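Trainee: Provide a 3D model corresponding to the input given below.
(one chain, ligands or ions: 1)
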Amino acid sequence: MRAAKKTGVRGQGLGVRRKLRETHISGAEGIYEEKDVLQICNEYLKRAVNHPRGKPDEIVITIETIKQKIKTIPLLSVKTVKCKSPDEAKGIIIQKLASSGVSKKAVNNGFKVLKAQRAMRGASLILAESGRRVEPDKNRGVRASRMGIGKTAGRMLAQKLSKMGINTATVKEALILASKVASCPDIIAEACVSDDPDYTTGYFASGKKGYLRLVNIKEPGEMHGGRVFFIKENADIAGVIRYLERIPVIIRRV
Ligand code: PML
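Mentor: Numbers count the residues shown, from 1 in each chain. Sure thing, here's the model as predicted:
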């Protein structure tokens, strides 16, 4: 599901021309059994129309049958750090990215994306050494898609997260997405700040270090946020995008 608001902006040059600019409101993805699809669509719709980023004037729900074999991937381990301030959270992300081999330039360029006032629909792809942004469409970004969790594993995950006091759709979906991203061999790490003004927890994630939740990564009410995937300098960029957007993956064990 993706929900957006279309706002008119003055076209450059002629002054009177008006273009429509799309502002991202909300998005969600999943792999479900056919019998559950209607109920899930209903939940996604409710989420889209009641979103703190505003009321969308376009909601698009796409349903596709998956015919390919679904690849099984591992779930990342979860840890929460109760940071006292956005600066503390940022410091932890910088340190984790540096120890994962991401250069200062790439980290700085990543923070420019996460701090930008216009949130992207998908994620930015940044080369870990040169810091170059390589996603083909800088407004849309790259959307990790086609990831899910099996029913039994989903129940076990809910139990585990309940014990930690964080059994919410936001945490589950972000953790499943981060697990797919981390399973891509060319991706070194991910940094995420929620673009929801009411949600102030973000995360750092990597295959080696797991899913590290950072509380108070931004101040309440701030609209900025997004996702950055730091990729190997010599990565097959088209291959990374194909994996994230098209290859179906599922988590079967928790
Ligand atoms: C989002 O808004 O979907 C991103 C949420 C990131 C953090 C989720 C968590 O609390 O672990």
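Trainee: Is residue 237 in contact with residue 244, as I believe?
Mentor: No - if you go by CB atoms under 8 Å, residue 237 and residue 244 don't touch, sitting 10.9 Å apart. From N, CA and C alone the C-beta is placed, and that goes for glycine too.
Trainee: Most proximal residue of the protein with respect to the ligand?
Mentor: Residue nearest to the ligand within the chain (CB to the nearest ligand atom): residue 194, separated by 3.2 Å.
Trainee: Pull the contacting residues for that residue.
Mentor: By CB atoms under 8 Å, 6 or more residues apart in numbering, the contact set of residue 194 is 170, 200, 201, 202, 218, 225.
Trainee: What pLDDT is listed against the last one?
Mentor: What that stands for is residue 225. Reading off the confidence values, residue 225 has pLDDT 91.
Trainee: repeat for the fourth one
Mentor: We note a pLDDT of 97 for residue 202 in this prediction.
Trainee: thinking again about what came up before, between residue 237 and residue 244, who's got more neighbours?
Mentor: residue 244 (24 against 16; other CB atoms under 10 Å).
Trainee: Assign a three-state SS to the spatially closest residue to that one that is not a sequence neighbour, would you?
Mentor: Excluding the flanking residues, the one nearest residue 244 by CB to CB, 6 or more residues apart in numbering is residue 144, at 4.6 Å. Following DSSP: H, G, I helix; E, B strand; the rest coil, residue 144 is assigned to coil.
Trainee: One more: residue 7?
Mentor: Look at residue 7: counting by three-state DSSP, its state is strand.
Trainee: That one: neighbour count?
Mentor: 12.
Trainee: For it, which non-adjacent residue is spatially closest?
Mentor: Closest to residue 7 by CB to CB, 6+ apart is residue 21, at 5.4 Å.
Trainee: Please give the element, helix or strand, for the one you found.
Mentor: If you go by DSSP states H and E, residue 21 is part of strand 18-27.
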